[in-house]
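In: coords please:
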Amino acid sequence: MDKKLNFFLEHSIFNLTFASANAAMFAQAERREPSLLRRSQTSGSSETYAAMFAQAECREPSLLRRSQTSGSSEANAAMVELVDTRDLKSLGRKAVRVRVPLAAHLIILLFFSLFIFLLTSCGPSSGYFKIEGRFLHINQGELYVYSPDGVIDGMDTIKIEAGRFAYETKLNSEGTLMLVFPNFSEHPVFAESGGSVDIKADASHLKEMTVDGTDENELMNKFRKMIAGVSPPEEEKYAVQFIQDYPESYVSIYLVRKYFLQAANPDYQQAMQFINLLLKEQPHNSVLLRMRQLTAPLEKTAVGKPLPPFSATDVNGSAVSSKDYQHGTVVISTFLTQNYESLQQQRALRELQESSGGRLILLSICLNPEADECKRTMQREDISWQVICDGKMMDNQLVALLALTAVPDNIIVSNGTIKARSLDTPALQSRLKNLK
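Out: Got it, this is the predicted structure:
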């Protein structure tokens, strides 16, 4: 902003100085050679300057010769030197009176410069990203915004007032912002440093919203039009085609995440293929590199894949081996002693094991930083199966190998093959209740 203001002021001062010099020269020329000036005013700008040069030559031939050998800027400077400051004081009124068109031109020029300055100052400066928008059929309310890429921290609130909203945030890199609407639907906005977008949306037809202002958001508008009115399976087909057509786009990263990683039935193998495709066009994209790091173990432990070999030591010092979990039905799960939901899942698993007559085999990974607290919880909750707790929390090697990314999280294995992943407690109970 400071650079733009300095440029505007310098530009305006230059225009004022040059215009004042011109006005003084015309006034001086009129006083000394009125017939010459009248002839020049009826003949256009070239003869006007010819008249001034002729008048200047009469007064100071050597100065004029120097100006003629130095280009237009030096020529103007030479003419300005011929203006006597004493004449400026005495002829100021006359100069303004004679050159009314020049004064009007100067005013227009100043207003135009001010307009350009204000226009270029409206957008966000580098290091910021701005969202503005308006809603039909919503007068007041709130939106929420977060970033799956981590370009902003946590979640922010955006107020809707009189159907309009605005949001500006610091931003140093490209990424995806997710807007959470009052009906809890989520829609992406692709952010870039120094960029701004304008959102138009109808609360009753959010799928038809448009986000204008950057190339990435224009691409997302294109995809929205492609899938308007189609079924979910057809949406996935359009997503595949879009990713293949635009591997250089951030929109494709979002589509891989939505349709292949966060779907009800994730396809980690297909996701890895697309991630590798996008990395060919975006080899230094940190979001893609992180996605590959997280997805690779998920691909290896996807449903239908064999349980990978592993070995560890439980909290009592006994050996734990994947060889002991190759037969029957096995649930490998994570828990944290301070996490109520994960403890509830351990209780549900204990009841399922008891009702199965021992057919259900359990292995748990405690993510506490200290094994002593884990042991006390095992005793209190009557957990009698093997539990691994090495104090490394989410950096535990088995957690990474099996791509267990949450608390609680789980894998169901049947005869050495992975059958299901990441089920909530009711889904676990439904799947395992008839195990006998």
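In: going forward, measure contacts between C-alpha atoms and count neighbours the same way
Out: Fine.
In: center of this protein, which residue is that?
Out: Ala191 (2.5 Å; Cα atoms, centre = their mean).
In: return the residues in contact with it.
Out: By Cα atoms under 8 Å, 6 or more residues apart in numbering, the contact list for Ala191 reads 129, 174-177.
In: and Tyr268, by the same measure?
Out: Here Tyr268 is in contact with 260-261, 295, 298-299, 302 (criterion: Cα under 8 Å, 6+ apart).
In: swap in Tyr144?
Out: 155-158, 179-181.
In: most neighbours among those residues, please name it.
Out: Leu179 (21 neighbours; other Cα atoms under 10 Å).
In: host element of it?
Out: strand 175-180 (DSSP states H and E).
In: which neighbours does that strand have in its sheet, and in what orientation?
Out: strand 140-146 (antiparallel), strand 186-191 (antiparallel) (DSSP bridges).
In: regarding the residue lying closest to Leu298 once chain neighbours are set aside, what is its secondary structure?
Out: Closest residue to Leu298 apart from its sequence neighbours, by Cα to Cα, 6 or more residues apart in numbering: Ala403 at 5.5 Å. State at Ala403, reduced to three classes by DSSP: H, G, I helix; E, B strand; the rest coil: coil.
In: please verify my assumption that Ala403 contacts Ala302.
Out: No. Counting by Cα atoms under 8 Å, Ala403 stays clear of Ala302, with 9.3 Å between them.
In: picking that back up, next, format the strands paired with strand 175-180 as a markdown table and append distance to Met393 and mean pLDDT.
Out: Shown next, in a markdown table, are the strands paired with strand 175-180 (distance: least, Cα to Cα, whole Å; pLDDT from 0 to 100):
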| stretch | distance to Met393 | mean pLDDT |
| --- | --- | --- |
| strand 140-146 | 26 | 95 |
| strand 186-191 | 31 | 96 |
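In: hmm, who's touching stretch 371-387?
Out: 314-315, 320, 337, 347, 350, 362-366, 368, 389-391.
In: list the buried residues of it.
Out: 371, 374-375, 377-378, 383, 386-387 (16 or more other Cα atoms under 10 Å).
In: how many neighbours does His327 have?
Out: By other Cα under 10 Å, neighbour count at His327 equals 13.
In: element containing it?
Out: Here His327 is assigned to no helix or strand, by DSSP H and E.
In: ok, now which ones touch it?
Out: Contacts of His327 by Cα under 8 Å, 6+ apart are 414-416.
In: which ones are touching Glu341?
Out: Pro408.
In: point out where the stretch 51-200 of the chain drops to low pLDDT.
Out: Within the stretch 51-200 of the chain, the stretches with pLDDT under 70 are 51-125.
In: strands of that one, start to end?
Out: Taking DSSP state E, counting those that start in this stretch to define them, one finds strands in the stretch 51-200 of the chain at 128-136, 140-146, 155-161, 164-170, 175-180, 186-191, 196-202.
In: from the buried residues of stretch 371-387, which land in helices?
Out: If you go by DSSP state H, the buried residues of stretch 371-387 have 371, 374-375, 377-378 in helices.
In: would a markdown table of those residues with pLDDT be doable?
Out: Converted to a markdown table, those look like this (pLDDT from 0 to 100):
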| residue | pLDDT |
| --- | --- |
| Ala371 | 94 |
| Cys374 | 96 |
| Lys375 | 96 |
| Thr377 | 96 |
| Met378 | 96 |
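In: and for the nearest residue to Gly194 once chain neighbours are set aside, the neighbour number?
Out: Closest residue in space to Gly194, ignoring its immediate chain neighbours: Ser126 at 4.1 Å, by Cα to Cα, 6+ apart. Look at Ser126: counted by other Cα under 10 Å, it has 13 neighbours.
In: please renumber the chain so that the first residue is 523 from this point on.
Out: From this message on, residue numbering opens at 523, which makes the last subject Ser648.
In: OK, contacts around Ser648?
Out: Taking Cα under 8 Å, 6+ apart as the test, what Ser648 contacts is 715-717.
In: can you add neighbour count and give those residues back as CSV?
Out: Below are the contacts of Ser648 laid out as CSV (neighbours: other Cα atoms under 10 Å):
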residue, neighbour count
Ser715, 19
Gly716, 17
Gly717, 20
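In: which residues touch Ala725?
Out: Here Ala725 is in contact with 657-660 (Cα under 8 Å, 6+ apart).
In: go on, Val667?
Out: 677-680, 699-702.
In: ok, now with 10 Å
Out: 674, 676-680, 689, 699-703, 708-711 (Cα atoms under 10 Å, 6 or more residues apart in numbering).
In: in the stretch 723-872 of the chain, which spans are strands?
Out: Counting by DSSP E, counting those that start in this stretch, one finds strands in the stretch 723-872 of the chain at the ranges 732-734, 833-835, 841-843, 851-857.
In: list of residues touching the third one?
Out: This points to strand 841-843. With Cα under 10 Å, 6+ apart, strand 841-843 has contacts from 831-836, 885, 908-910.
In: tell me the buried residues in that strand?
Out: Going by 16+ other Cα under 10 Å, strand 841-843 has these buried residues: Val842.
In: note down every partner strand of it and its orientation.
Out: Strand 841-843 is paired, per DSSP bridges, with strand 833-835 (antiparallel).
In: export the buried residues of stretch 893-909 as JSON lines, with columns for distance to Gln951.
Out: Output for the buried residues of stretch 893-909, formatted as JSON lines (distance: Cα to Cα, whole Å):
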{"residue": "Ala893", "distance to Gln951": "28"}
{"residue": "Cys896", "distance to Gln951": "24"}
{"residue": "Lys897", "distance to Gln951": "25"}
{"residue": "Thr899", "distance to Gln951": "22"}
{"residue": "Met900", "distance to Gln951": "21"}
{"residue": "Ile905", "distance to Gln951": "18"}
{"residue": "Gln908", "distance to Gln951": "20"}
{"residue": "Val909", "distance to Gln951": "21"}
